[in-house]
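A.B. asks: sequence first, then the predicted structure:
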Amino acid sequence: MSEETKYVKHYSEEGFWTKLKKNAIKAGQKVVYSGLTLYYALESPNTSLRDKAIIYGGLGYLIFPVDAIPDLVPVAGYGDDLGVLLFAATRVALSIDSVVKQRAKDKLVDFFGEGAIKQNEIDEVDQQIDGENSTSVK
């Protein structure tokens, strides 16, 4: 089993939404936005089965209760989750278009509120995805 798909069996849509609803504030906007971006990429007709497997693995890692760094550890607890989500997002960058990003941003507002969105954090995630998008070959 490849490293990208190791956590596929831990993904469920219900588990994903439960994790975000309970932990959005602790996890932070980068983690939540990255997770939402991957989630909405699953629904995109541009996403191949291979890319879906990578996405399921990344989201499975997010909701898996035992991480490399436990989520209860202040500040660093979600760092490993962010790393895995960003790794998955860069691997499937061609599946993440402006529609996917906008859906993720709209849902992010539901979690944090319009005035609380830190645009610089969202831009950092988008830059990582877009940087890979311009050089990826499928």
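C.D. replies: In hand now; what should we look at?
A.B. asks: C-alpha only now, for contacts and for neighbours.
C.D. replies: Fine.
A.B. asks: surely Ala53 is in contact with Tyr11?
C.D. replies: No - counting by Cα atoms under 8 Å, Ala53 stays clear of Tyr11, with 10.4 Å between them.
A.B. asks: can you give me the buried ones in stretch 42-52?
C.D. replies: Taking 16 or more other Cα atoms under 10 Å as the neighbour-count basis, stretch 42-52 is seen to contain the buried residues Leu42, Ser44, Thr47, Asp51, Lys52.
A.B. asks: off-centre distance for the helix or strand hosting Phe87?
C.D. replies: Counting by DSSP states H and E, the element that carries Phe87 is helix 79-91. Helix 79-91 has its average C-alpha position 7 Å from the chain's average C-alpha position, going by Cα atoms, centre = their mean, to the nearest Å.
A.B. asks: secondary structure element for the residue nearest to the spatial centre of the chain?
C.D. replies: With distances taken as Cα atoms, centre = their mean, the chain has Gly35 as the residue nearest its mean C-alpha position (2.3 Å). Counting by DSSP H and E, the secondary-structure element that holds Gly35 is helix 29-42.
A.B. asks: picking up where we left off before, packing partners for the helix holding Phe87?
C.D. replies: For helix 79-91, the contact count by 3 or more Cα pairs under 8 Å, 6 or more residues apart in numbering; DSSP states H and E identifies helix 29-42, helix 49-63, helix 119-133 as packing neighbours.
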